[in-house]
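In: I would like the atomic coordinates for the input below:
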Amino acid sequence: MGLKQSYTVLAPVYDAIVSNATAPMRRDSLRTLTPADDDRILLAGFGTGLDIPYLPVNADYFAMDLTAAMLARARHRLGPEQRVFLHRANVMHMPYADASFDSVVLHLILAVVSEPHQVLAEAARVVKPGGRVLVLDKFIRPGQRAPVRRLLNLLIRHVATRTDVVFEHLLAHAPALDVISDEPCLAGGWFRRIQLQKKT
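Out: Take a look at the predicted model:
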């Protein structure tokens with residue numbers, strides 16, 4: 001089963017599985033967004049819209065996800081005053097021009113897709129020089145054995161998420177991005193909240 005099919009199946013129960021556990025991490029990550037009026041912010045891998053309650057109100061948001069069922073649930077979360085435009089698209093091949101966003105948010109998507117390095121490279125492409133990329137996900141450290149996580153990955157990587165992604169390996173594919181901060185936020189540092197900035 002591919003990710004598009006599996007997340008179509010998971011859509012009705014996705015919030016019950018991840019909402020409470022990830023809410024504080026999402027809130028803390030999005031607090032670092034300080035958009036000017038009419039900034040354009042890309043929310044890549046938007047899912048069911050669990051970020052919506054924490055989005056600053058003065059920006060335009062372009063929210064993309066591969067799965068129509070997830071976006072349908074996100075649509076029901078939107079208030080009339082929120083400027084969030086939903087797009088069905090593949091985060092590994094973003095349908096946007098170079099340097100078209102002031103910020104890019106990658107919440108719980110890099111450890112889901114088959115080619116996470118491509119997603120980070122695409123984020124670096126579409127964000128403006130000086131713009132930020134916010135990452136929230138689970139990563140193992142370079143050289144970390146993590147045998148349980150690696151074994152778990154063999155079981156669930158084609159259904160829900162990967163558990164063997166090394167962020168530092170992904171970053172090598174996006175040399176235009178510099179790490180501003182890297183903080184542990186859940187499960188003994190397995191989940192990390194990372195801020196990146198594109199070189200000017």
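In: contacts and neighbour counts: CA atoms only from here.
Out: Fine.
In: Next SSE downstream of the strand or helix carrying Glu183?
Out: When elements are assigned from DSSP states H and E, Glu183 belongs to strand 177-186. Later in the chain than strand 177-186, the nearest helix or strand by DSSP H and E is strand 191-198.
In: how far away is the closest residue in space to Ile140 that isn't next to it in sequence from Pro95?
Out: With C-alpha to C-alpha, 6 or more residues apart in numbering as the criterion, Ile140 has its nearest non-adjacent residue at 5.2 Å, and that residue is Val166. Distance, Val166 to Pro95, by C-alpha to C-alpha, to the nearest Å: 26 Å.
In: Compare those two (neighbour count), which wins?
Out: Comparing Val166 with Pro95 by neighbour count (other C-alpha atoms under 10 Å), the higher total belongs to Val166, at 19 against 14.
In: hang on, isn't the more buried one packed against Pro142?
Out: Yes. With contact defined as C-alpha atoms under 8 Å, Val166 reaches Pro142; the gap is 6.2 Å.
In: In terms of helix, strand or coil, where does Ala23 fall?
Out: Secondary structure, DSSP: H, G, I helix; E, B strand; the rest coil: Ala23 is helix.
In: Check the one 10 residues further on too.
Out: Of the three states, Leu33 takes coil according to three-state DSSP.
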